[in-house]
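Asks: Dropping the sequence and predicted coords here.
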Amino acid sequence: DKITVSSCGIDVTHFRPMPRNQAREQLNLPEKDTIVLFVGSLIRRKGVDILLSAIARIVAHHSRVKLIVIGEGPLLEQLEAQALDLAIDKIVHFVARKSNDELPFWYAAADVFVLPSLREGTPLALLEALSCEVPVIVSRAGGMVEVIEDGKNGLLTEIADPVDLERRLSLLLADSDMRQRFKEAARDTVVSWADIQVEIDTLLHLYRNFGAAAKSTNRF
């Protein structure tokens, strides 16, 4: 009863849903493509190589799938080489890091957000995607299992398992009702759990209580 867990929180007034066609027009993205989105640093623990392997398996039966990878990091050249080796270099687009002003458009343009991390805390990118009402698939890593309830507001995939990720992604892409259900639950998840203004108010309340408790027990 003396422990309070607080989210890092995001600005839900900035990361908000918008029409997909509007976002794609803004970014000059084709309307008919099925866009899978990753946002994060290109480092080992984010599992982008796992995502590339899953995409290579899925293109055989989803010809319009495109993967957009937003981020920078030391693995960029290695991941580009992997995409070439897997013959998916034409459908995988590595995009440099985007500002907070731009990111809501990229989330809104996506059909699915995927974060297959090997290790994780509670990533801002996941909260941002949910706040923009994007259906999500994430690995069972770290704090993501506290945010996503499998089958209710997203899908969970096994860690470092491209076969399971491909299976879950295929399931979600084939089921428009499931995607709509996740979209409807997504923003409620963030607003009730990680609204930055709520988190600020919570922290201020905690600090005030700490200060009052310290004064009442000060023996000096």
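Replies: Right, received. Where do you want to start? Numbering: from 1, shown residues only.
Asks: secondary structure class for K66?
Replies: strand (DSSP: H, G, I helix; E, B strand; the rest coil).
Asks: Touching, it and E31? I think so.
Replies: No. In this structure, K66 is not within contact of E31 by Cβ atoms under 8 Å, at 12.0 Å. The way it works is simple: take the backbone N, C-alpha and C, and place the C-beta from them, glycine included.
Asks: which of those two has more neighbours?
Replies: Ranked by neighbour count (other Cβ atoms under 10 Å), K66 and E31 place K66 first, with 21 against 9.
Asks: got the contact list for stretch 156-164?
Replies: Contact partners of stretch 156-164, identified using Cβ atoms under 8 Å, 6 or more residues apart in numbering, comprise 47, 50-51, 53-54, 57, 116-118, 137-141, 144-145, 148, 150, 165, 168.
Asks: Can you pull out the low-pLDDT segments for this structure?
Replies: Along the chain, segments meeting pLDDT under 70 span 211-220.
Asks: Just the buried ones from the contacts of stretch 156-164?
Replies: 47, 50-51, 53-54, 57, 116-118, 137-139, 141, 144, 148, 165, 168 (16 or more other Cβ atoms under 10 Å).
Asks: which helices and strands does the one helix or strand F182 maps to pack with?
Replies: Under the criterion DSSP states H and E, the helix or strand holding F182 is helix 176-193. Packing contacts for helix 176-193, counted by 3 or more Cβ pairs under 8 Å, 6 or more residues apart in numbering; DSSP states H and E, involve helix 124-131, helix 162-174.
Asks: Point out the most buried one among these.
Replies: helix 124-131 (a mean of 25; mean count of other Cβ atoms under 10 Å).
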